[in-house]
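Peer 1: Sequence plus the predicted model coming up.
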Amino acid sequence: MEEYLKGLNDKQYEGATQVNGRIRLVAGAGAGKTKTLTCRYAYLVNHEGINPENILCLTFTNKAANEMRQRIEKMIGRDFASEYICTIHSFCVKILRRDIYRLGFPKFFNILDEEDKKSIAKSIMKELGLTNKETTVKDVIQKINSTKSRSASGYITDYMLPRALANKRRIASKLNPDELIFMKYCENQIKNFSLDFDDLIYFALYILINFQDVREYWQDKLHYIMVDEAQDCNKHDWEILEILSKKHNNLYIIGDDNQSIYKFRGSDVKGFINFKNDKTILLTQNYRSTKKILDVANSIIKNNKERVEKDLFTDKKDGVVVTNYHAPNIWTECKFICNEIERIRMSDKCGYGDFTILYRNNSMSREIEQALIKSNIPYKIYGGIRFYERKEIKDTIAFLKLINSNDNLSFRRVINEPARKIGKVFLEKVDKFATEKKVTQYESMFRLIGSGELKHDGASDFISIIEKAKKDSETKKVSEILNYVLIETGYLDMLREDSDNVRLDNIKELSKSIEYYEKQNQEYTGSELLNNFLQDISLYTNTDSNDDGDVVKAMTMHQSKGLEFPNVFVTNAFEGGIPSLRFSENTEESKSEIEEERRLMYVACTRAEKRLYITESSGFNWLVQGDKEPSRFISEIPENMISKIGNFNENNWKNIKNFKR
DNA sequence: ATTTTCGAGATTTTT
DNA sequence: TCTCGAAAAT
């Protein structure tokens, strides 16, 4: 038997050595899902002699993909880094890079993030004269997303193809307001040819459906397809998987219906539950958590009606009792967590890296962060503002994008950054000319200044810097161009005036990662390299980095999916926090939403290996607009399974309050 | 005409 | 805390 298979139990072994057919692995939390998947990959490569080029392995996050690559390398002990271990979004980018030109679109495309989408929505609202009162930016985005999702790849033939859009334009006066908004959004996407996250899936799907040779290329290539966290695939993901696996018919999915927590993103558990399969393997032994933790998690998830009955069991000993701490206010709650971390760190002789703090909303990280700082505990907050969403990083990237593709969003972002006295009036003239001549705003400004129609020193300087950078970008390295632009525009000088150097450091980090990317991808040069780099980083989040260091981690419950930690604090467990306020009403439709929240709570609790704390506090909270009450999920845990501690001491409360100021 | 400043208002969850 | 818009300051 291969060395790497020795650590598996019978069921896991069975799961890892299945080769052909449509296989479903249903595995509860901590049952060794990833382990089994990784072993199966190694088995295919090592035992069956399959070329990694012919295996597609889809993970839920980039982080999971990175970790898997590392594990496989360790297992089969050879230099091994298949690019086909990735997220479905990354994989769709590969499909698009290869064949999107067939739709008449440029080879280079931008990827829009939520912020870009927002600013497009705003400009559409302005154009159509919609005020914030009747239709918010959020409404507009919601409308756009749902229209897309409804017609999926059909929206491409209706709107995105050049002739289709021309048709829509012709009958614009007959379109209803929503259709008009959607048309404008599509116009905007085509103008700088940009795709949002969902589009990556829809366009790939469209190409796979409509071009036989492309479809066959991928179907031939991918002998084996395996999907992790399959319970969170949406119907379009399923469609792609079915198409890709059609020829060889080897589709291996792995997931847990109890851990489906991305319904808001369209995830469709039914696809997982009703998956037509040759074989289903059930893993119910939990290797992660102690018995006491597992009992608590089971007692919570039991209350869900829509689920496959499968209680997890463990051979592990009882372990430390699960604690529910009730504090008089949020600051005491956070202080308690810090104290416990220090106490356990001493008693267990473990590091800060063994502790993780979870919460429902990103906004809840604030008080926790303050408490950690006060207690001198090193920490890292995941999510919230991602690295690539920071202002300085987005600005820097906007410079690169402007050089690469002239796109309007980037232009508006950096044209007056740092301030060069270009304001609303000047930009309106530029925009007007751009619309008239059907050119980009940068091109428009370039012509207006060139012909002398507009005079502006700041704009002239800006143009000469960008033009030089454009010329150099074909020959010089991206990192050199970036350096040149940041210095010449005075962007670096502007950042130096800041009191702290965090922003400068961030830019240095970005610069480093560009250099690394250049080394890794030497087959590309010039604008193609730049384009690929920009696409890749828009799919990358700061949660994905692997070098965490010995620090306390804090993240949302959603982000904790698929991870495990020795000691876990589930915080802000108040009614309205989790379950989220929106779903707390007792209407019929909110019942399934409550079940989703309960699954989220279940996911959070099952992250813990040794210790689990569920903390909450009284006091005013703006979310519930009143005093907080403990979450209903806590009351679902039998009294004998949990140790309830709390402190309502008034003096203590006062101390904390003074302490805070 | 542009930039700064100050106060009011808003916050699910993510690739 | 952060973001956005209006009014004040340059």
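Peer 2: On my side now, so go ahead.
Peer 1: quick one: secondary structure of the residue in chain A that DNA strand C sits nearest to?
Peer 2: Residue nearest to DNA strand C within chain A: residue A:366 (5.3 Å; CB to the nearest atom of the strand). Every C-beta, even on glycine, is put in place using the N, C-alpha and C of the backbone. Of the three states, residue A:366 takes helix under DSSP: H, G, I helix; E, B strand; the rest coil.
Peer 1: For it, grab the count of nearby residues.
Peer 2: 13 (other CB atoms under 10 Å).
Peer 1: Now do the contacts for it.
Peer 2: The contact partners of residue A:366, taken as CB atoms under 8 Å, 6 or more residues apart in numbering, number zero.
Peer 1: Please report the distance of it from residue A:553.
Peer 2: 16 Å (CB to CB, to the nearest Å).
Peer 1: Give me the neighbour count for residue A:524.
Peer 2: Applying the criterion other CB under 10 Å, we find 15 residues in the vicinity of residue A:524.
Peer 1: can you check residue A:334 too?
Peer 2: Residue A:334 has 28 neighbouring residues, counting by other CB under 10 Å.
Peer 1: how about the strand or helix carrying it, does it reach DNA strand B?
Peer 2: Residue A:334 belongs to helix A:330-348 when assigned by DSSP states H and E. No - shown here: helix A:330-348 not in contact with DNA strand B (CB under 7 Å from any atom of the strand), separated by at least 12.9 Å.
Peer 1: Mind listing what's buried along that helix?
Peer 2: Going by neighbour count (16 or more other CB atoms under 10 Å), the buried part of helix A:330-348 is A:330-338, A:340-341, A:344-345.
Peer 1: Distance to residue A:518 and pLDDT added to those, as JSON lines?
Peer 2: Shown next, in JSON lines, are the buried residues of helix A:330-348 (distance: CB to CB, whole Å; pLDDT from 0 to 100):
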{"residue": "A:330", "distance to residue A:518": "46", "pLDDT": "84"}
{"residue": "A:331", "distance to residue A:518": "47", "pLDDT": "84"}
{"residue": "A:332", "distance to residue A:518": "50", "pLDDT": "85"}
{"residue": "A:333", "distance to residue A:518": "47", "pLDDT": "87"}
{"residue": "A:334", "distance to residue A:518": "43", "pLDDT": "88"}
{"residue": "A:335", "distance to residue A:518": "47", "pLDDT": "88"}
{"residue": "A:336", "distance to residue A:518": "48", "pLDDT": "90"}
{"residue": "A:337", "distance to residue A:518": "43", "pLDDT": "91"}
{"residue": "A:338", "distance to residue A:518": "42", "pLDDT": "91"}
{"residue": "A:340", "distance to residue A:518": "46", "pLDDT": "91"}
{"residue": "A:341", "distance to residue A:518": "41", "pLDDT": "92"}
{"residue": "A:344", "distance to residue A:518": "44", "pLDDT": "92"}
{"residue": "A:345", "distance to residue A:518": "41", "pLDDT": "92"}
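Peer 1: I'd like to know which of the residues you listed is nearest to DNA strand B.
Peer 2: Proximity of the buried residues of helix A:330-348 to DNA strand B was ranked by CB to the nearest atom of the strand; the top entry is residue A:330 with 12.9 Å.
Peer 1: Enumerate the residues of the stretch 401-550 of chain A near DNA strand B.
Peer 2: For the stretch 401-550 of chain A, the residues found near DNA strand B under the criterion CB under 7 Å from any atom of the strand are A:416, A:419, A:420, A:421, A:422, A:423, A:424, A:425, A:426, A:539, A:541, A:543.
Peer 1: Kindly apply the preceding question to chain A instead.
Peer 2: Listed as neighbours of DNA strand B in chain A under the rule CB under 7 Å from any atom of the strand: A:60-62, A:87, A:89-90, A:114, A:138, A:197-198, A:262, A:264-265, A:360-363, A:383, A:416, A:419-426, A:539, A:541, A:543, A:556, A:558-559, A:580, A:582, A:622.
Peer 1: Give the other helices and strands that the helix holding residue A:334 contacts.
Peer 2: Contacting helix A:330-348 under the criterion 3 or more CB pairs under 8 Å, 6 or more residues apart in numbering; DSSP states H and E are the following elements: strand A:322-327, strand A:355-359, helix A:365-374, strand A:565-570, strand A:608-617, helix A:650-660.
Peer 1: What lies in contact with the first one?
Peer 2: To tie it back to what came earlier, the one meant is strand A:322-327. So strand A:322-327 is in contact with A:292-293, A:296, A:333, A:336, A:611-618, A:630, A:634, A:637, A:641-647, going by CB under 8 Å, 6+ apart.
Peer 1: Try it again at 6 Å.
Peer 2: A:292, A:296, A:333, A:336, A:612-615, A:617, A:634, A:642-646 (CB atoms under 6 Å, 6 or more residues apart in numbering).
Peer 1: those strands in the stretch 201-350 of chain A, which residues are they?
Peer 2: Under the criterion DSSP state E, counting those that start in this stretch, strands of the stretch 201-350 of chain A are mapped to A:224-227, A:251-255, A:279-283, A:322-327.
Peer 1: just to revisit the earlier point, from residue A:413, how far out is the residue of chain A closest to DNA strand C?
Peer 2: Residue A:366 is 27 Å from residue A:413, where distance means CB to CB.
Peer 1: pLDDT value on the closest residue to residue A:280 other than its chain neighbours, please?
Peer 2: Using CB to CB, 6 or more residues apart in numbering and skipping the chain neighbours, the partner closest in space to residue A:280 is residue A:24 (4.6 Å). Looking at residue A:24, its pLDDT is 93.
Peer 1: would residue A:24 count as being in a strand?
Peer 2: Yes - Residue A:24 forms part of a strand when assessed by three-state DSSP.
Peer 1: what separates residue A:327 from residue A:479, distance-wise?
Peer 2: 49 Å.
Peer 1: More neighbours: which of these two?
Peer 2: The residue with more neighbours, out of residue A:327 and residue A:479, is residue A:327; 24 against 17, by other CB under 10 Å.
Peer 1: Roughly how far does the more buried one sit from DNA strand B?
Peer 2: Here residue A:327 is placed at a distance of 20 Å from DNA strand B (CB to the nearest atom of the strand, to the nearest Å).
Peer 1: before we move on, what about residue A:130?
Peer 2: Distance of residue A:130 to DNA strand B, given as CB to the nearest atom of the strand: 16 Å.
Peer 1: same deal with residue A:278?
Peer 2: Separation of residue A:278 from DNA strand B (CB to the nearest atom of the strand): 29 Å.
Peer 1: cool, and residue A:189?
Peer 2: Taking CB to the nearest atom of the strand as the measure, residue A:189 falls 16 Å from DNA strand B.
Peer 1: Could you do residue A:526 as well?
Peer 2: For residue A:526 relative to DNA strand B (CB to the nearest atom of the strand), the value is 27 Å.
Peer 1: phi, psi of residue A:65?
Peer 2: phi -60, psi -50 (degrees, to the nearest 10).
Peer 1: ditto for the one 3 residues further on
Peer 2: Summarising the backbone geometry of residue A:68 under the convention degrees, to the nearest 10, its torsions are phi -60, psi -40.
Peer 1: Next up, the contacts around it.
Peer 2: With CB under 6 Å, 6+ apart, residue A:68 has these contacts: A:38, A:85.
Peer 1: go on, the one 4 residues further on?
Peer 2: Residues near residue A:72 by CB under 6 Å, 6+ apart: A:38, A:41, A:42.
Peer 1: roughly how far apart are the first one and residue A:68?
Peer 2: Going from residue A:38 to residue A:68 by CB to CB gives 6 Å.
Peer 1: now swap in residue A:76 and tell me
Peer 2: 13 Å.
Peer 1: what's the answer for residue A:395, then?
Peer 2: According to CB to CB, residue A:395 stands 34 Å off from residue A:68.
Peer 1: Burial check on the closest residue to residue A:629 other than its chain neighbours, number of neighbours?
Peer 2: In this structure, residue A:629 finds its nearest non-sequential neighbour in residue A:575, 4.6 Å apart by CB to CB, 6+ apart. Other residues within reach of residue A:575 by the criterion other CB under 10 Å amount to 19.
Peer 1: pretty sure residue A:575 is touching residue A:631, no?
Peer 2: Yes - in this structure, residue A:575 is within contact of residue A:631 by CB atoms under 6 Å, at 5.3 Å.
Peer 1: Perfect, that will be all.
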